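Student: Dropping a prediction and its sequence here:
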Amino acid sequence: MEKLALFGGQPVYQEKHSLEDQWPVTSGEDREAVERVFRNGHFTGLHDPEVEALEKEYAEYVGTSYAMAFGTGTSSLHAAVAASGLKPGDEVIVPALTFLASATSVIQQLGIPVFADIDPKTYNIDPQSVERCISNRTRAIMAVDLGGLPADYPALKKIAEKHGLVLLSDAAHSMGARQNGKVSGSLADATGTSIMPAKQLATCGEGGLLSTDNVEILNKAGMVRLFGEVIEKDKPRAYNAFTLGYNYRLNPIQAAYARSQLARLDQFIRLFQENAEFLTRGISDLKGIIPPYIPEGSTHAYHMYRMRFDPRLAGYDVDSGRFAKAVELAMIAEGLPLRFYQNIPVPGQVLFQMKEGFGNGIPWSLPNTNAIRYDIEDYPVTLDVLENTRCLGASGTSGPNYFMNRKTMQDYITAFHKVWEHLDEIVDYAGKMEYKVPWSNFAPSTRGSWTIYAPGTKK
Ligand SMILES: Cc1ncc(COP(=O)(O)O)c(C=O)c1O
């Protein structure tokens, strides 16, 4: 039996990741698309042809009546929130496990995020928890397709209809996924997505897209995108702001590159799915690893492949968080890293603990708001998932994409088998190593006169 690299053996993977695995994959067509912008010399404008062409092609791809391009995913989400008619102090229900921007796009509109817990199998927002979060101030639900699996939109839609709420979607991870035959981006009243380079639909910089069937949402989002103005085609610009707006325009170079990538998106997603399924099959005999769960009717875009580690299934009575950490360290030593995506429930971040926001406690201190509690212990499933799962897949920058390449998948399979052959050693190591829960580093116990919730170490 070969010695584990964690204990001085030879790692399974010793090379550096090659450019072949680099994401996004820039083809001759992508270069030609960018060149086209330089040749045209059109670098911004109210009706830029590349930006408008991307909007048309993206709307056709996702199957919505309208789409609008933004400079970032975050600005597309902010515009979606603003266009949903949120009033200052209104609440939007957001999953406790997501990227911060799903929640800050609400605060940007003076709304108050209320966090729901997640489902232990799909890792997406739990509709039952959403129901429990509804109050007299709830205005919208922001679903997030975490890692690339669409949230439970049929259930969320029922809740939204019952309570008269707007259903928003953050589809930053799920471009190319489907649910009941519909394409991610068309599953809610309005969807914002990110096309920064780590995402499935990637551009050569920052970018975002909003999609909707609702022309009122589209028009309001258009005002938010450009200085609060109403920009009509074939009419002179009026220079008159109707609402608070920003400059959230997408650059034509990013639009041209994204158009070219969009034409190949389904091809990439098929490759990721085939490779992810190859990995799932390759580790299916290893007791204690639970691969991603995909509900009937959904497909996964595999922005991230999240695995749960359960030592009891492998016949060991050891703390599961320690076990997951030991497996993570063993895999890193083998040259095949597993990673966290978020270390703390979003409501545990200092922004929410301090409730400072815009200053003077706004938006939480606005008149007639409900008192909102941000205590990470209110999200037991999120804590459990953060502690006992790890991800394989995209990071927050351009970089290697592990799902591009069958050999990388095979290396992961080989390394997992090697680690599993040594589970007695791993469990022994897990029991003895120093261990803190993933969120422990995030919690300064006091800062100035504010007391911040400090979870500390579990063991
Ligand atoms: C779930 C999610 N929502 C929103 C964003 C924000 O998108 P952007 O970085 O394009 O502003 C990201 C990541 O970047 C994300 O992962």
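Tutor: Now that the structure is in, tell me what you want to look at. Everything numeric in this text was worked out from a predicted model, so none of it was measured.

Student: Spell out which residues sit in contact with residue 84, please.
Tutor: 139-140, 166, 168, 189-190, 217 (Cβ atoms under 8 Å, 6 or more residues apart in numbering). To be clear about C-beta, it is placed using only N, CA and C from the backbone, and glycine gets the same treatment.

Student: Next, work out how far apart it and the ligand are.
Tutor: 16 Å (Cβ to the nearest ligand atom, to the nearest Å).

Student: roughly how far apart are whatever residue of the chain ends up closest to the ligand and residue 170?
Tutor: Across the chain, the shortest distance to the ligand (Cβ to the nearest ligand atom) belongs to residue 73, at 2.7 Å. Counting by Cβ to Cβ, to the nearest Å, the separation of residue 73 from residue 170 is 8 Å.

Student: what do the two both touch?
Tutor: 101, 192-193.

Student: In the residues you listed, which residue is surrounded by the most others?
Tutor: The residue in the shared contacts of residue 73 and residue 170 with the most neighbours, by other Cβ atoms under 10 Å, is residue 192 (33 neighbours).

Student: and that one, that's in a strand?
Tutor: Yes: membership of residue 192 in a strand is supported by DSSP: H, G, I helix; E, B strand; the rest coil.

Student: my guess is it contacts residue 77, does it?
Tutor: Yes: the criterion here is Cβ atoms under 8 Å, and residue 192 meets it with residue 77 at 3.7 Å.

Student: who's residue 113 bridged to?
Tutor: As for beta bridges, residue 113 partners with residue 92 under DSSP bridges.

Student: So which residues on the stretch 101-250 of the chain come close to the ligand?
Tutor: Taking Cβ under 6 Å from any ligand atom as the measure of proximity, the stretch 101-250 of the chain contacts the ligand at 101-102, 144, 170, 172-173, 194, 196, 206, 208.

Student: which one of these sits closest to residue 221?
Tutor: residue 208 (11.0 Å; Cβ to Cβ).

Student: re earlier: and residue 73 and residue 170? which has more neighbours close in?
Tutor: residue 170 (30 against 26).

Student: count of residues packed around residue 3?
Tutor: Residues near residue 3, counting by other Cβ under 10 Å: 12.

Student: Highest neighbour count among the contacts of residue 84?
Tutor: Going by other Cβ under 10 Å, residue 168 tops the contacts of residue 84 with 31 neighbours.

Student: In three-state terms, label that one for me.
Tutor: Going by three-state DSSP: residue 168 is strand.

Student: And it, how close does it get to residue 210?
Tutor: Taking Cβ to Cβ, one finds residue 168 at 10 Å from residue 210.

Student: Can you work out which residues contact both of the two?
Tutor: With Cβ under 8 Å, 6+ apart as the test, residue 168 and residue 210 both reach 80, 190-192.

Student: ok, those vs residue 151, which is closest?
Tutor: The nearest one, if we look at the shared contacts of residue 168 and residue 210 relative to residue 151 and count by Cβ to Cβ, is residue 191, at 11.0 Å.

Student: Please tell me I have it right and that closest one contacts residue 183.
Tutor: No: in this structure residue 191 lies outside contact range of residue 183 using Cβ under 8 Å: 10.1 Å.

Student: Now do the helices in the stretch 101-250 of the chain.
Tutor: Along the stretch 101-250 of the chain, counting by DSSP state H, counting those that start in this stretch, helices occupy 101-107, 127-133, 153-163, 215-225.

Student: For these, give me TSV that also has mean pLDDT.
Tutor: Formatted as TSV, the helices of the stretch 101-250 of the chain follow (pLDDT from 0 to 100):
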stretch	mean pLDDT
helix 101-107	98
helix 127-133	98
helix 153-163	98
helix 215-225	98
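
Student: which of those is buried the deepest?
Tutor: helix 101-107 (a mean of 25; mean count of other Cβ atoms under 10 Å).

Student: pLDDT weak spots in the stretch 251-400 of the chain?
Tutor: 395-396 (pLDDT under 70).

Student: circling back: need the residues touching each of residue 192 and residue 77.
Tutor: Joint contacts of residue 192 and residue 77 (Cβ under 8 Å, 6+ apart) are 105, 168, 170, 208.

Student: so which two of those residues are the farthest from each other?
Tutor: Farthest pair in the shared contacts of residue 192 and residue 77, by Cβ to Cβ: 168 and 208, 13.6 Å.

Student: buried stuff in whichever helix or strand residue 351 is part of?
Tutor: Assigned by DSSP states H and E, residue 351 belongs to helix 350-354. The neighbour-count criterion (16 or more other Cβ atoms under 10 Å) identifies 351-353 as the buried residues of helix 350-354.

Student: and if you look at stretch 6-22?
Tutor: Applying 16+ other Cβ under 10 Å to stretch 6-22 flags 6, 11-13, 21 as buried.

Student: ok, now how distant is the nearest residue to residue 421 once chain neighbours are set aside from residue 309?
Tutor: Sequence neighbours aside, residue 1 is the residue nearest to residue 421 in space, at 5.7 Å (criterion: Cβ to Cβ, 6 or more residues apart in numbering). In this view, residue 1 and residue 309 are 21 Å apart by Cβ to Cβ.

Student: More neighbours: these two, which one.
Tutor: A side-by-side neighbour count of residue 1 and residue 309, using other Cβ under 10 Å, places residue 309 first with 22 against 7.

Student: Find the nearest non-adjacent residue to the more buried one, please.
Tutor: residue 324 (4.2 Å).

Student: what about the strands in the stretch 251-400 of the chain?
Tutor: Secondary structure of the stretch 251-400 of the chain, counting by DSSP state E, counting those that start in this stretch: strands at 289-290, 304-309, 389-393, 399-400.

Student: Which helix runs longest in the chain?
Tutor: For the chain, the longest helix by residue count, based on DSSP state H, is helix 265-282.

Student: ok, back up a step: between residue 168 and residue 208, what contacts are shared?
Tutor: 77, 192.
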